[in-house]
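Undergrad: okay, sequence plus prediction incoming.
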Amino acid sequence: MGAFLEKKDLDFRGVQWSVHGERVGMAGALTGVRVVELAHIMAGPVCGLMLADMGADVVKIERLPGGDGTRGFVPPDVSGESAAFMMLNRGKRGVALDLREAAGLEAVRRLLVGADVVIENFRLGTMERLGLGWDALSTAHPKLIYCQITGFGRTGPLASQGGFDLIAQGYSGLMSVTGEGKDRAPVKIGAPVTDITAGILAAFGVVSALFERERTGVGQRVDTSLLEAGITHTYWQSAIALASGQSPGPMGSAHPLAAPYQAFPTSDGWVNVGASNESTWLGLVRAVGDPLLLEETRFATNTGRIKHLAELIDRLTPLFAVRTSGEWLARLEAEGVPAGPVASIGEMLEHPQTRARNMVVEVTHARLGPIESLGSPVKMSAGSEPAKSGAPLLGEHTREVLLGAGYKSHEIDDLIASGQAFEG
């Protein structure tokens with residue numbers, strides 16, 4: 001059952017609302033901004049998560065039956081609750097509606113009254129078929145910011161195609177520069193970078209549109225895609241291709257423009273070494289204890305080291321193999337050479353720096369109680385209180401949100417009884 005809100009707290013643009021007795025979505029830069037998230041899986045929900053972390057009141061509308069597709073991304077789960085869903089949807093309020101039915105769509109329209117932002121990441125044309133596209137909503141709500149995330153953008157020959165991270169990584173060129181070498185099988189980046197980056201870019205676009213609305217009083221459409229998110233990660237490789245006419249290929253952990261800048265195997269693992277300029281190169285030579293490297297004219301400049309990268313790595317690799325990762329990190333640090341371990345996800349989550357930056361936070365889930373989640377990557381000097389509520393149960397806040405939109409209790413009862421709404 002959704003948390004109870006007193007009448008005075010039912011302000012969608014509001015400075016406060018309470019879940020499980022806690023005030024949530026307050027003290028952030030976007031406090032008072034109301035967002036309706038009509039999005040699923042990842043890119044759209046990441047956008048909503050970024051905005052919620054900045055204090056926006058994000059109302060997540062899940063389609064019945066079943067809700068957001070990530071609820072089915074199990075295992076892993078925590079006592080039946082999808083870990084994937086909980087990661088992307090903390091700090092939001094959840095409403096469950098059947099958008100195939102007129103009453104469900106009418107509820108969405110009523111929730112959009114007074115909203116500042118709507119987020120959607122459906123295939124092009126889906127929102128138009130529901131009567132919730134940009135043309136319809138901007139006419140009814142001229143101040144609305146309409147954020148649209150698609151696979152390939154709303155224009156161009158691929159606009160009508162659906163998009164997934166794997167497909168976007170291929171189209172964007174990312175997979176052509178990821179992996180150990182051009183003769184090996186293609187490798188995608190392990191994290192779904194185009195989904196995540198599209199969500200972050202969308203949030204940036206939304207905040208920019210809100211800022212412009214303060215000057216003009218008019219909303220606008222924000223349009224980005226997984227393809228464009230992938231392309232933004234190719235700055236160095238695109239610079240090479242545009243300047244030379246040659247497409248660079250995969251280099252493992254190495255860098256196409258600086259060397260040595262990659263991972264080296266040690267006696268007990270791997271270390272990343274970032275000797276990307278002359279001072280750090282000299283520091284690396286001192287750390288490995290091979291002054292003869294300085295007499296090699298082919299390694300005297302970064303240009304030479306890139307040109308003779310294979311020989312350079314052959315020279316350095318056996319030197320790194322004689323000491324442990326810990327010993328190398330100490331030696332490299334002493335010489336001012338940027339270096340670090342190749343940490344597992346578990347090691348990263350437990351690292352003191354991760355914890356010091358509040359990148360692992362505790363939130364309260366309605367059924368599970370306190371659980372850990374990733375925190376906000378943006379800190380504000382004026383203060384942004386991180387969301388303390390966990391991801392909503394399916395339909396957890398349906399009643400309180402619809403009450404705030406002007407529905408009577410008996411009307412909500414009728415919607416729930418007919419299956420057009422669900423209360424968790």
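TA: Nice, thanks for sending it over.
Undergrad: use CA for all of it now, contacts and neighbours both
TA: Will do.
Undergrad: give the next helix or strand downstream of whichever helix in the chain runs longest.
TA: Secondary structure of the chain per DSSP state H: the longest helix is helix 193-216. Sequence-wise, the next helix or strand downstream of helix 193-216 (DSSP states H and E) is strand 221-225.
Undergrad: I'd like to know which elements that following strand is packed against.
TA: strand 145-150, helix 193-216 (3 or more CA pairs under 8 Å, 6 or more residues apart in numbering; DSSP states H and E).
Undergrad: the longest helix of the chain packs against which elements?
TA: Using 3+ CA pairs under 8 Å, 6+ apart, helix 193-216 is in contact with helix 43-53, strand 145-150, helix 165-171, strand 221-225, helix 226-231.
Undergrad: as CSV, these with distance to Val288 would be great.
TA: Shown next, in CSV, are the helices and strands packed on helix 193-216 (distance: least, CA to CA, whole Å):
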stretch, distance to Val288
helix 43-53, 43
strand 145-150, 48
helix 165-171, 37
strand 221-225, 45
helix 226-231, 37
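Undergrad: most tightly packed of these?
TA: helix 43-53 (a mean of 28; mean count of other CA atoms under 10 Å).
Undergrad: CA-only coordinates of that helix in CSV, if you can.
TA: Coordinates of each C-alpha in helix 43-53 appear next as CSV, following Å, rounded to 0.1, in the frame of the first residue of the first chain:
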residue,chain,number,x,y,z
ALA,A,43,17.7,5.3,-20.9
GLY,A,44,14.6,7.2,-19.9
PRO,A,45,14.7,5.9,-16.3
VAL,A,46,18.4,7.1,-16.0
CYS,A,47,17.2,10.5,-17.1
GLY,A,48,14.5,10.4,-14.4
LEU,A,49,17.0,9.2,-11.8
MET,A,50,19.4,12.1,-12.6
LEU,A,51,16.6,14.6,-12.1
ALA,A,52,15.3,13.0,-9.0
ASP,A,53,18.8,13.2,-7.5
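Undergrad: Val322 against Asp268, yeah?
TA: No. Taking CA atoms under 8 Å as the definition, Val322 is not a contact partner of Asp268, at 9.4 Å.
Undergrad: who touches the residue nearest to the spatial centre of the chain in this structure?
TA: By CA atoms, centre = their mean, the chain has its centre lying nearest to Ile196, at 3.3 Å. Going by CA atoms under 8 Å, 6 or more residues apart in numbering, Ile196 touches 42-43, 46.
Undergrad: buried residues in the longest helix of the chain?
TA: 193-207, 209-210, 213 (16 or more other CA atoms under 10 Å).
Undergrad: which non-adjacent residue is nearest Ala77?
TA: For the record, residue 77 is Asp, not Ala. Spatial nearest neighbour of Asp77, excluding adjacent residues (CA to CA, 6 or more residues apart in numbering): Ala83 at 5.0 Å.
Undergrad: and what of Pro338?
TA: Using CA to CA, 6+ apart, the closest residue to Pro338 is Gly274 (5.2 Å).
Undergrad: who's in contact with the one you found?
TA: The neighbours of Gly274, taking CA under 8 Å, 6+ apart as the test, are 259-262, 280, 337-339.
Undergrad: just the buried subset of these, written out for PyMOL, thanks.
TA: Entered in PyMOL, the line below selects the buried ones among the contacts of Gly274, by 16+ other CA under 10 Å:
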select buried, resi 259+260+261+262+280+337+338+339
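Undergrad: Gly424 against Arg399, yeah?
TA: No. Under the criterion of CA under 8 Å, Gly424 is not in contact with Arg399, lying 9.3 Å apart.
Undergrad: neighbour count winner among the two?
TA: Taking neighbours as other CA atoms under 10 Å, Gly424 and Arg399 compare with Arg399 leading, 28 against 15.
Undergrad: secondary structure element for the more buried one?
TA: helix 398-404.
Undergrad: ok, whichever strand or helix holds Val95: who's next to it in the sheet?
TA: Per DSSP H and E: Val95 is located in strand 93-97. For strand 93-97, the paired strands and their directions (DSSP bridges) are strand 57-63 (parallel), strand 421-422 (antiparallel).
Undergrad: make a markdown table from those and add distance to Thr301, mean neighbour count and mean pLDDT to it.
TA: Below are the strands paired with strand 93-97 laid out as a markdown table (distance: least, CA to CA, whole Å; neighbours: other CA atoms under 10 Å; pLDDT from 0 to 100):
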| stretch | distance to Thr301 | mean neighbour count | mean pLDDT |
| --- | --- | --- | --- |
| strand 57-63 | 52 | 27 | 97 |
| strand 421-422 | 66 | 26 | 98 |
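Undergrad: distance to Leu242 added to these, as TSV?
TA: Below are the strands paired with strand 93-97 laid out as TSV (distance: least, CA to CA, whole Å):
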stretch	distance to Leu242
strand 57-63	41
strand 421-422	53
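Undergrad: out of the ones you listed, which comes closest to Asp183?
TA: strand 57-63 (44.2 Å; CA to CA).
Undergrad: mind checking how far that closest one is from the chain centre?
TA: Strand 57-63 sits 17 Å away from the centroid of its parent chain (CA atoms, centre = their mean, to the nearest Å).
Undergrad: any idea of the pLDDT on the residue of the chain positioned farthest from its centre?
TA: In the chain, the residue that sits farthest from the middle, by CA atoms, centre = their mean, is Glu295; the gap is 46.4 Å. At Glu295 the predicted local confidence, pLDDT, stands at 94.
Undergrad: which element, helix or strand, includes Gly190?
TA: Here Gly190 is assigned to no helix or strand, by DSSP H and E.
Undergrad: and it, what pLDDT?
TA: The confidence metric pLDDT takes the value 97 at Gly190.
Undergrad: repeat that for Leu51.
TA: 97.
Undergrad: might you report the residue contacts of the closest residue to it other than its chain neighbours?
TA: Once flanking residues are discounted, Leu51 sits nearest to Ala203: 6.5 Å by CA to CA, 6+ apart. Ala203 makes contacts with 47-48, 50-51, as judged by CA under 8 Å, 6+ apart.
Undergrad: pLDDT wise, what is Ala203 at?
TA: pLDDT, read off for Ala203, is 98.
Undergrad: state the distance from it to Glu278.
TA: 38 Å (CA to CA, to the nearest Å).
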